[in-house]
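Peer 1: Fold the following, please.
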Amino acid sequence: MIIEGKRPGGASWWGIVAERARSCGWQLLAVVAVAAVAEFVVELATYVVPQDETGRVARVVLFALLSACEYGLAMRLLASGPRSAAVLRVPPRQLGLMALWSTLLSVSALSDLLLVLSPDTVLDLYRGPQWLVVMLLALLGGAVAAPLPAAVFLEGGGLRASWRLLRGGWPTALRLCAIALCGAVAELLVQELYVDVFFASDSPFLALATRALVIPLHFALLLALFATYLRSPAARPAAPLDGPPAGQPSAYPPVDAAFGR
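Peer 2: Below you'll find the model as predicted:
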C-alpha cells in the first residue's frame, strides 16, 4: 500500500512526495548513496587504470547498468514500501531495458561512445553550427527518458510506455520536462563544481563532500518522478500500487485534473 489511511494533502503531488519521504526516505537515501559510491569508484578507476577503446565502452555500459540498478531499486521501493522483500528482486530484463534505452536517449552517453570511434566527429558536432540540433536532441531525449524508470520498473514496458506517459497530458508533460531539465542542469553544475574543487583544493574530503551533492539531488528527483507518475492519467501500473487492479489507472487524482496541487 502506498498510503495507509488518510492520504496527506488530499493525495496532492506534494502530499505524495512528503508521505513517501516519511515512509521510506532513509531506505531511498541508502539506495542513492550506495549508487553514488559505486559510480564514484568506477569513475576513479578510469583515472587510475589506462583505458583503451574497449575500456571506454565498458565504462559507458557499466555506468548505464549502475544507473538502471539505482532507478530499479528506488522505483520498486517507492511503490512497494520498505518492508516488501520484492523490492530487491528487480528482473534482469527490466535492468537491461532501462540501461539500453537510457543510453540511446542520452546525448552524453552517445557522445562518449562516438568519442571512442571518431573523436573528431564529436568535437565537430559541439563546435559547429549543428550544436543547436544536438542540444535540442538532448532536451528531447531527456524528456522521453524522464518517465522511463516508471515505465520500465512499474509497468514492465519500454520506450512506448515512456512516450505514452509523456504525452498523457500537458501538465504532466510539463512537470516531467521540468524535472528532467532541472536534474540535468543541477547534475552538470555539481560535476563542474566537483572538478573545480578536485583540482583547486588540497583536501580530498572537500572534493568528496562536493561529489556527495548528487545524493540529495537524486533523492529529490526520484521522489518527484514517482509522485508525477502516480498523478499521471496515463499511468498503467503492472501491479497494484494503492488498490486498483493491475493495468488500471492510478488511484490518485490525475495531476492534469488538479494541476498546481
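
Peer 1: ok, now which ones touch the residue nearest the centre of the chain?
Peer 2: The centroid of the chain falls nearest to Tyr71 when counting by Cα atoms, centre = their mean (5.9 Å). Tyr71 makes contact with Met98, Pro149, Val152, Phe153, Leu222, according to Cβ atoms under 8 Å, 6 or more residues apart in numbering. From N, CA and C alone the C-beta is placed, and that goes for glycine too.

Peer 1: residues near the second one, how many?
Peer 2: As a burial measure, the neighbour count of Pro149 was computed by other Cβ atoms under 10 Å and equals 25.

Peer 1: The residue nearest to it when sequence neighbours are not counted and Ala99, how far apart?
Peer 2: Nearest non-adjacent residue to Pro149, counting by Cβ to Cβ, 6 or more residues apart in numbering: Tyr71, 4.0 Å away. In this view, Tyr71 and Ala99 are 10 Å apart by Cβ to Cβ, to the nearest Å.

Peer 1: Equivalent analysis for Leu117, please.
Peer 2: For Leu117, the distance to Ala99 equals 20 Å [Cβ to Cβ].

Peer 1: if you count what's nearby, which of the two comes out ahead?
Peer 2: Using other Cβ under 10 Å, the more surrounded residue of Leu117 and Ala99 is Ala99, with 24 against 10.

Peer 1: Looking at the contacts of Tyr71, spot the one nearest Val87.
Peer 2: Proximity of these to Val87 (Cβ to Cβ) peaks at Phe153, which lies at 10.5 Å.

Peer 1: among the helices and strands of this structure, which has the poorest mean pLDDT?
Peer 2: helix 119-127 (a mean of 67; mean pLDDT, DSSP states H and E).

Peer 1: Alright, that wraps it up for me.
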